[in-house]
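Structure of the sequence below:
(chains A and B)
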Amino acid sequence: MKQSKKIAFVAGVASLALLATGCSSSSTAATGAEGSDATLTFMSTEPKSITPQKEPGSQIGMALCANLMEVNSQSQKLEPLAAKSVTSQDAKVWDIELQDGWTFHDGTPVTAYSFAEAWNATATGSNAWQGNGTFVSFKGYEELNPTDGSKASTEKLSGVEVVDETHLRVTLNAPNADFPKLLSTNPTCPMPESAFEDLDAYEQSPVSNGPYKFISWDHNQQVVLEKWDGFKGAEGFSGGADKLVGKIYTAVDAAYTDMTAGNLDMIRNVPATMVDKAKNQLGEQALYEVETASKQQTLQIPEYVEELKSPALRRAISLSIDREAIAASLLKGHAQTSDSLVPPSLGSYVSGSCADCVFDPERAKKILAEGGGFDGTLIIESNSASDQQLVQALTKQIQDNLGIKVQLKPTLGTELSERRNSQKLDGAVFGLWGWSYMSPDQYLSQYETGGDGNAVTGYSNDKVDTLLRAARAEMDEAKAAKLYTEAEAIIVEDLPAIPLFIPTDYGLQSQCAQLNDVQGDLQYYRAGYGC
Amino acid sequence: MLGYTVRRIGQMIPVLLGATFIIYALTFLMPGDPISALTGERPLPEATVAQIRQAYHLDDPFFVQYGNYILGVFRGDFGIDFFGRPVLGLILERLPTTLALALTAWVLKLFIGLLIGVYGGLRAGKTGDHFALVFTVLFMGVPGFVIALGAQTYFGVHLGWVDPAGIRAGWPMAFILPALVMALEAAAGLARLTRTSLVDVLRAEYLRTAKAKGLTPRRIIWGHALRNAMIPVVTYLGLSLAGMLGGAVIIEAIFNLPGIGGLMVSSINNKEGTVVVGIATLLVLVYLVFNLLVDLTYGLIDPRVRI
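Sure thing, here's the model as predicted:
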């Protein structure tokens, strides 16, 4: 009798185990359809959202949506896609004409309203969509985003006017010749009318107008997209795979292991530590190097930190860093040294515009001594979760070559962001910057009073502000580049940020995948299929 | 028995309230601003930040925030994360994976640990016992992630028997290897405990009495020795299952099993307070329930503590 109770207990536990596991295996049974025809798998993390307006960096969002303007991967130039033309006389008022007869994946037409309504919703602050910041330059943004926390008085951007079904007119707060580039980013994607009837349902099963359409999203497992035969854009805006499967991983290491086992085709943003390992294990052809460098690492120096105000000190710090040595040894050649406030891929770049971005410890000491020396402690803040070895190497070089005290201050990402944005940093801060689209403005607006990213350094210079405004208003790209170069020459005198490295971006590809980047942005859906 | 169970369940409520309060306070005190960090290095415009903070009541005083949260919980609403996804949904999505992993590992551990422990205990001091000792010391000594990475590379990549990172393969293929790794590590402790307990019991006087009464050796071992030796083991087993549910973070990450552990870690990093409190509350609840189950199980094994 007692014996049987015990057995019942064990059996109970076992059936509990079967129950729990059984229920999870049934939810995964839907896989196995892979490998039908030209299928490519890519690494993804569980998306917070696949609606492009909510998650501006979403690779899935990019595949689903055809923007008004996009970079053609064959020409590597920005061209109209869902738009027939985007034009302006003064860079402030923009006329957009849509392509005729384009539809969403469900067959409903893409009209001027599809864009205007999506933009209004995204620009409404109380919706808390992350693409919101994209619309900051649109007229009427302030009314939709009151800073005092009060309710917005309107639901529409006053700067967006629907002229007719296929014409939009956008008015900006200030002239910006980069506006067509802005129209190539995720937050400016259109949304069909049906989306607004039930946004939660749309979130789980988005309908858009791009080269790939949404099939399914098994949370924490995979997202499946299929090539849409109704896509009317040129080949350079699409990819080679008939089916794209975003396999969801919790860590890039697990994805890498899966790739070595032959279960995964593409990984982007490969960590530098993984590059050499991959070259050995997977072979040279598995490594895809992004030619157009879009990122830069700098040591930013906030203007509000009094003891770091001296230009002599900033120049001396810059001169005491042996960038070549760090790039060659610690970074194993997977980075270039940086000698300008913008990456070399930009039109406004002038080689060596930062004259003090070379290694010269003697001159560094001399400049510092002439400038009155430094007997305080240089604090370098950084995100404790990334690039710690690099920051330590920098610290050691400045300490050894300049003979000043340097202290590291690594903090959690959430804490560092807050200190950076609310101007509470205690010293210099190590940071990485990248562009949303290819333009010098994306780098230099950090040094414009109140510009994008300006909060970190708080740098402010009237001459720079004037030049940047003029550059933005200039429709001729070459002339604009000249103005940006002029502005940079003034900023670099004050060194609000010390240029350090241009990290090389890598992707990993299987034999079937042929990765492709568009102006430095590696997008999974653009990959060719080679099997 | 029924009254006792009801009373114990009643006691869980203040414990749960206290636990959520402490965890909520700790997340509140954590440095950093979740909204500033939402988009990484590129900051959101000030107006957007203000709007989002308002939407999530982040500027309210602590007690108001906690009060809102608890009132929501009583209505079955565990709140939303900063992307507007319901926390309960996030947890339920990942719970099956964690349950499958923990229960598979626990069952494997039960078999391996008891087998080795009982074998070692019955043959205490003999060669077999020494082998069992070496085995347990080996798996207790080598860090779990080393075994995990080794097993993943060998069985997953070289031999290709299982997907090395394959939640998509479902149960059992995706879970068998990580569960085995967890089981081996935990079985070592169980085996040692079982062995010691059994050796102790075998020396007890009532066993000599049993032998003197002329009972068969099988009856002595199964009916008397093992039954008494199992009392401390059951406590350990019950609580270790609760521990396995929350403590598989590293194994989950290595084998790409999207469970509760990984969600907890990423939520702490992003300061997603509602998610952290939700998971922690769930784990506290699991612990309490298992504690109760363990206490009730005592009664089945040991009539002396029956209430």
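
Could you check how far the closest residue to A:Val110 other than its chain neighbours is from B:Val107?
Nearest residue to A:Val110 in three dimensions, chain neighbours excluded: A:Trp102, at 4.6 Å (CB to CB, 6 or more residues apart in numbering or on different chains). Every residue, glycine included, has its C-beta placed from N, CA and C. Note on A:Trp102: its distance to B:Val107, by CB to CB, to the nearest Å, is 56 Å.

The residue nearest to A:Val110 and chain B, how far apart?
30 Å (CB to the nearest CB, to the nearest Å).

which residues touch that residue?
When contacts are counted by CB atoms under 8 Å, 6 or more residues apart in numbering or on different chains, A:Trp102 touches A:Ala66, A:Ala82, A:Pro109, A:Val110, A:Asn209, A:Lys232.

Strands along the stretch 101-250 of chain A, start to end?
Using DSSP state E, counting those that start in this stretch, the strands of the stretch 101-250 of chain A run over residues A:160-164, A:167-171, A:212-218, A:222-227, A:243-248.

Make JSON lines out of the ones you listed and add distance to chain B and mean pLDDT.
JSON lines is the format used below for the strands of the stretch 101-250 of chain A (distance: least, CB to the nearest CB, whole Å; pLDDT from 0 to 100):
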{"stretch": "strand A:160-164", "distance to chain B": "18", "mean pLDDT": "96"}
{"stretch": "strand A:167-171", "distance to chain B": "18", "mean pLDDT": "97"}
{"stretch": "strand A:212-218", "distance to chain B": "8", "mean pLDDT": "95"}
{"stretch": "strand A:222-227", "distance to chain B": "6", "mean pLDDT": "96"}
{"stretch": "strand A:243-248", "distance to chain B": "7", "mean pLDDT": "95"}
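
could you dump the ones you listed to JSON lines with mean neighbour count?
Shown next, in JSON lines, are the strands of the stretch 101-250 of chain A (neighbours: other CB atoms under 10 Å in any protein chain shown):
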{"stretch": "strand A:160-164", "mean neighbour count": "15"}
{"stretch": "strand A:167-171", "mean neighbour count": "18"}
{"stretch": "strand A:212-218", "mean neighbour count": "19"}
{"stretch": "strand A:222-227", "mean neighbour count": "21"}
{"stretch": "strand A:243-248", "mean neighbour count": "24"}
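
can these go into CSV with extra columns for distance to A:Gln204?
Formatted as CSV, those follow (distance: least, CB to CB, whole Å):
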stretch, distance to A:Gln204
strand A:160-164, 28
strand A:167-171, 29
strand A:212-218, 7
strand A:222-227, 11
strand A:243-248, 15
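
quick one, which of these is nearest to A:Gly427?
For A:Gly427, the closest of the strands of the stretch 101-250 of chain A is strand A:243-248, at 38.8 Å, according to CB to CB.

what angle do that closest one and strand A:222-227 make?
Interaxial angle of strand A:243-248 relative to strand A:222-227 (axes from the mean of the first three to the mean of the last three CA atoms, to 10 degrees): 160 degrees.

just checking, next helix/strand downstream of strand A:243-248?
Note on strand A:243-248: by DSSP states H and E, the next helix or strand toward the C-terminus is helix A:252-260.

Any part of that following helix near chain B?
Yes. Legend: contact between helix A:252-260 and chain B by CB under 8 Å from any CB of the partner chain is shown at A:Asp253, A:Ala254, A:Ala255, A:Thr257, A:Asp258, A:Thr260.

Give me the mean pLDDT for that helix.
Averaged across helix A:252-260, pLDDT comes to 91.

Please name the nearest non-neighbouring residue to B:Arg8.
In space, and not counting its chain neighbours, B:Arg8 is closest to B:Leu292: 5.2 Å by CB to CB, 6+ apart.

Please identify the buried residues of the host helix or strand of the one you found?
Per DSSP H and E, B:Leu292 falls inside helix B:273-301. Buried residues in helix B:273-301, counting neighbours by 16 or more other CB atoms under 10 Å in any protein chain shown, are found at B:273-284, B:286-288, B:290-292, B:294-298, B:301.

Now do it: which elements does it pack against?
In terms of contacts (3 or more CB pairs under 8 Å, 6 or more residues apart in numbering or on different chains; DSSP states H and E), helix B:273-301 is packed against helix A:2-28, helix B:2-29, helix B:62-74, helix B:87-122, helix B:226-246, helix B:260-269.

what's near enough to touch B:Met12?
Contacts of B:Met12 by CB under 8 Å, 6+ apart are B:Leu285, B:Leu288.

One more pass at 6 Å, please.
When contacts are counted by CB atoms under 6 Å, 6 or more residues apart in numbering or on different chains, B:Met12 touches B:Leu288.

so what's it scoring on pLDDT?
On the pLDDT scale, B:Met12 gets 84.

Now do it against B:Val277, distance only.
According to CB to CB, B:Met12 stands 17 Å off from B:Val277.

can you check B:Tyr56 too?
Separation of B:Tyr56 from B:Val277 (CB to CB) stands at 14 Å.

would you turn the helices and strands packed on helix B:273-301 into TSV with distance to A:Gly283?
Below are those laid out as TSV (distance: least, CB to CB, whole Å):
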stretch	distance to A:Gly283
helix A:2-28	32
helix B:2-29	46
helix B:62-74	52
helix B:87-122	33
helix B:226-246	39
helix B:260-269	31
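
quick one, which of those helices is nearest to A:Lys77?
helix B:260-269 (38.3 Å).

Let me know the average pLDDT across the closest one.
Predicted confidence along helix B:260-269 averages 85 (mean pLDDT).

Between helix B:87-122 and it, find me the angle.
Counting by the same axes, to 10 degrees, helix B:260-269 lies at 130 degrees to helix B:87-122.

buried ones in helix B:260-269?
By 16+ other CB under 10 Å, the buried positions in helix B:260-269 come out as B:Ile260, B:Gly261, B:Gly262, B:Leu263, B:Met264, B:Val265, B:Ser267, B:Ile268.
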